[in-house]
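Chemist: Mind looking at a prediction? Sequence and model below.
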Amino acid sequence: MITGEWLNPPPAADHDGSALLVTAAKGSDFWRTTSYGYDRDGGHALLSPLGPEAAVEVSFIADYDHQFDQAGLLLYLDETTWIKAGAEYCDGELQLGAVVTRGVSDWSSGPVPWAGREITVRASRSGDAVTVRARAGDDPWQMIRLAPFPVDVPAKAGPYCCAPEREGLTVRFTRVSTGAPDEALHT
């Protein structure tokens with residue numbers, strides 16, 4: 001069973017066997033300032049402690065069809081220091097991306113042909129960095145981001161979802177696991 005403590009509880013969250021179904025509220029999002037000029041810390045995330053030398057994986061599936069529908073993994077220190085990574089529907093396509101926030105947000109993304117597939121995102125903390133990888137199904141891992149993150153500080157991590165533009169986005173989180181960080185940046 002997927003457990004943790006809610007950062008901004010969603011309108012609905014129910015277990016379906018071992019999966020967790022989460023429905024996001026319209027207007028939910030995580031973002032700080034850059035380009036859009038607003039700060040949002042109202043996304044839904046089910047967080048558990050994650051130490052400085054550890055990794056977390058989150059698997060999920062959703063029917064994305066509205067601008068900025070999103071789900072994935074959130075690594076959270078506080079409202080100004082966090083990383084969200086996952087899938088987001090943007091400009092008519094499913095995108096794989098990450099937002100790294102240290103005071104202000106920095107977003108990178110690119111289209112993926114993963115609509116309708118289970119996606120897994122992995123964040124591996126080691127030293128002063130987080131390596132973010134993702135894959136669909138059992139496909140090979142793709143590195144999507146290497147980002148700085150404060151060293152030796154307790155953080156929290158887990159599944160997140162947001163629906164900035166609409167009501168009714170429901171995400172099926174199928175797995176959350178933690179373990180040792182990646183042994184190397186490259187295979």
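Modeler: Right, received. Where do you want to start?

Chemist: In contact with residue 145, which residues?
Modeler: 83, 85, 98, 100, 108, 130, 131, 132 (Cβ atoms under 8 Å, 6 or more residues apart in numbering). Backbone N, C-alpha and C define where each C-beta goes, glycine included.

Chemist: Beta-bridge partners for it, please?
Modeler: Beta-bridge partners for residue 145, by DSSP bridges, are residue 132.

Chemist: one step back: quick check, nearest of the contacts of residue 145 to residue 178?
Modeler: residue 130 (13.8 Å; Cβ to Cβ).

Chemist: quick one: the closest one from residue 14, how far?
Modeler: Noted for residue 130: a distance of 30 Å to residue 14, by Cβ to Cβ, to the nearest Å.

Chemist: what about the two, which has more around it?
Modeler: Taking other Cβ atoms under 10 Å, residue 130 and residue 14 do not tie; residue 130 has more neighbours (23 against 10).

Chemist: secondary structure element for that one?
Modeler: Assigned by DSSP states H and E, residue 130 belongs to strand 129-136.

Chemist: packing partners for that strand?
Modeler: strand 81-90, strand 119-126, strand 142-148 (3 or more Cβ pairs under 8 Å, 6 or more residues apart in numbering; DSSP states H and E).

Chemist: Could you check which helix or strand contains the most centrally placed residue in the chain?
Modeler: Taking Cα atoms, centre = their mean, the centroid of the chain lies closest to residue 73, which sits 2.3 Å from it. Here residue 73 sits within strand 70-78, counting by DSSP H and E.

Chemist: now the angle from that strand to strand 119-126?
Modeler: Taking axes from the mean of the first three to the mean of the last three Cα atoms, to 10 degrees, one finds that strand 70-78 is oriented at 20 degrees with respect to strand 119-126.

Chemist: Give me the angle between strand 70-78 and strand 142-148.
Modeler: 20 degrees.

Chemist: Direction included, what does strand 70-78 pair against?
Modeler: Paired strands of strand 70-78, with direction, are strand 81-90 (antiparallel), strand 155-162 (antiparallel) (DSSP bridges).
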